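Trainee: sequence and predicted structure are below.
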Amino acid sequence: MKINKSANCGTLQSNDVFIRIYPAEQGIEVNLTSSVMAQFGEQIEKVVRETLKELEVDACRLVVEDHGALDCTIKARVETAVKRAHE
Amino acid sequence: MKSILDLREERVRYQTSLEDRFQKTLLVIRPNQIGPDKRNLWSNYASYVAFREVKERFSPLHLSYSFTEEGLIFYLILDETLHFVKQLAMQVEDQTPLGRLVDIDVYHKGQSLSRQDLDHSPRACFLCDQPAVICTRIRAHSATAIDAFIRSQVKSYITDEDPTRLRIVEFCLFSEVTRTISLGCVTPLTNGSHQDMDYRIFLTSLDRLSREFLKIRSLPSVQFSALRNLGLELETAMHEATNDVNTHKGVIFIFLLVLGAFMNDARFEYLSRNIANLSRPCLKDLKLPDDSHGREVYNRYGTLGVRGEAASGFVRVFESYLPFFDRYQEIDRLFLHIAQDAVDTNALFRAGPACYEELKKLLSNNQLELAEEHCRKHNISTGGSADLVSLTILVYFIREHHQRVKEVLHIEDQQISKLRNTSIE
């Protein structure tokens, strides 16, 4: 799926994640901050990248502000962000 | 149906609109619970109690609420600095008995403050002492364990002594009005068939009444006439609190009879019979002129209504509604069950017999949407059924937390009071 424009999704509430997505020339860049960075930083980035792969997004820049969201929440938020940026 | 993620985005947009509109500090209270639907008896009340605690410290410039799968949420605009309001929020979270069961967030001009910003530790999980954000992230505890904890905390709060109010009355009246099925009644989502009242007036009224109900503890004798006088006093207080709207007249009458009967004889197995005995004089009332719907319905249709129910010792409450509530502990189901079963003189009065019969038919066929529509169209309200919802919860607490309710009502054990009387002689 192609990222045509910037979009965002989610909130800065606890147990949620706020995602901003931007178009990019090539490759995927993820800027992640999280209230549980030390414990779950790697896992969160993995979920984000896997979700993008499933949606066949090959180029974009993502800013992810996590406040302890569950994996399923992160996945759903990334999906919606991509959908909004594709429209 | 919207997902909880969509609801959360929508809520944050609403919060931003409030901030923009008022340019003051916004405080948001919501239940600290997990799951796809955070609405239930116990977490709703925890939100409400936190709201009351905040309101007792400050009067908000604006108050609104929402009642979705995210739970019962209060939004207050306060004319204070962000920093000051955050301190207040943490005080309620950390130092009030049910504070752990809610999350209170504060915002001003797009800014928020975290506990850490004020040099406080992040919130700890209420089941273990890990940071809550970690427990939630790894789903350390089952929904069942969390629900059980919340339920036990709230129940213990309700049955604790409070010199300012009878919490049990507050809980019953609050829980009745905090539901999603309306059938013409006021709920957080609709004013039903009422032009003169809304959810907020009900909260004001039940706050006042839960305080006034303390007076039952100091009645010199618990006879019908004394209860009737107290009832008139409570009605006056209700009218004062609501600017003359009749929010709780029926339930005042019912609660006084039931609490009165319980105070005379605290044995649960005799409660129904004792209510019947105590209520007998109220059937005579039906022969007097009065403005109540119940009396007019009796004159027109010969239905005894709530007076008849009382004189029967609320036999349906004990035999049917209470066991039903034991099974589900859920207010919408209980309300629907009662609306199907009871003769609601409130609705009968507004609708007339044919139209009321139609409603009962829709209800017994479980055509809820049509029943709601029917109430809207014909301006019917099922307030009588709502009163019996409150009563069922009251009776549940009297049975389930018998000793603690006795203590809250200052009912002495007969043995002890007899000994005391002897020693006085």
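Mentor: Alright, I've got the coordinates. Since we're looking at a predicted model, the values are computed, not measured.
Trainee: going by C-alpha atoms from here, please, whenever you check contacts or count neighbours.
Mentor: Will do.
Trainee: what sits against residue B:186?
Mentor: Taking Cα atoms under 8 Å, 6 or more residues apart in numbering or on different chains as the criterion, residue B:186 is in contact with B:177, B:192, B:193, B:194, B:197, B:198, B:199.
Trainee: need the three-state assignment for the residue nearest the centre of chain A.
Mentor: Central residue of chain A (Cα atoms, centre = their mean): residue A:78, 4.3 Å from the mean position. Following DSSP: H, G, I helix; E, B strand; the rest coil, we place residue A:78 in the helix state.
Trainee: that one touches residue A:47, doesn't it?
Mentor: No: Residue A:78 is beyond contact range of residue A:47, at 9.3 Å (criterion: Cα atoms under 8 Å).
Trainee: pLDDT at the residue nearest to the centre of chain A, what is it?
Mentor: pLDDT recorded at residue A:78 is 97.
Trainee: where's it relative to residue B:241, distance?
Mentor: Separation of residue A:78 from residue B:241 (Cα to Cα, to the nearest Å) stands at 49 Å.
Trainee: one more: residue B:66?
Mentor: Counting by Cα to Cα - residue B:66 and residue B:241 are separated by 23 Å.
Trainee: neighbour count winner among the two?
Mentor: Shown here are residue B:66 and residue B:241; by other Cα atoms under 10 Å in any protein chain shown, residue B:241 has more neighbours (18 against 15).
Trainee: which residue ranges of chain A form helices?
Mentor: A:37-54, A:71-86 (DSSP state H).
Trainee: what's the closest of those helices to residue B:124?
Mentor: Residue B:124 sits nearest to helix A:37-54 of all the helices of chain A, at 16.4 Å, using Cα to Cα.
Trainee: the closest one versus helix A:71-86: what angle between them?
Mentor: Relative orientation of helix A:37-54 versus helix A:71-86 (axes from the mean of the first three to the mean of the last three Cα atoms, to 10 degrees): 50 degrees.
Trainee: who does helix A:37-54 touch, helix- and strand-wise?
Mentor: Under the contact criterion of 3 or more Cα pairs under 8 Å, 6 or more residues apart in numbering or on different chains; DSSP states H and E, helix A:37-54 touches strand A:27-34, helix A:71-86.
Trainee: near chain B, which residues of chain A are found?
Mentor: A:9, A:10, A:11, A:14, A:15, A:36, A:67, A:68, A:69, A:70, A:73 (Cα under 8 Å from any Cα of the partner chain).
Trainee: and if we set it to 7 Å?
Mentor: A:10, A:11, A:68, A:69, A:70 (Cα under 7 Å from any Cα of the partner chain).
Trainee: mind listing the residues bridging to the first one?
Mentor: When bridges are taken as DSSP bridges, the partners of residue A:10 come out as residue A:18.
Trainee: didn't it look like it was pressed against residue A:63?
Mentor: No: Residue A:10 is beyond contact range of residue A:63, at 11.7 Å (criterion: Cα atoms under 7 Å).
Trainee: what's the overlap in contacts for those two?
Mentor: Shared contacts of residue A:10 and residue A:63 (Cα atoms under 7 Å, 6 or more residues apart in numbering or on different chains): residue A:19.
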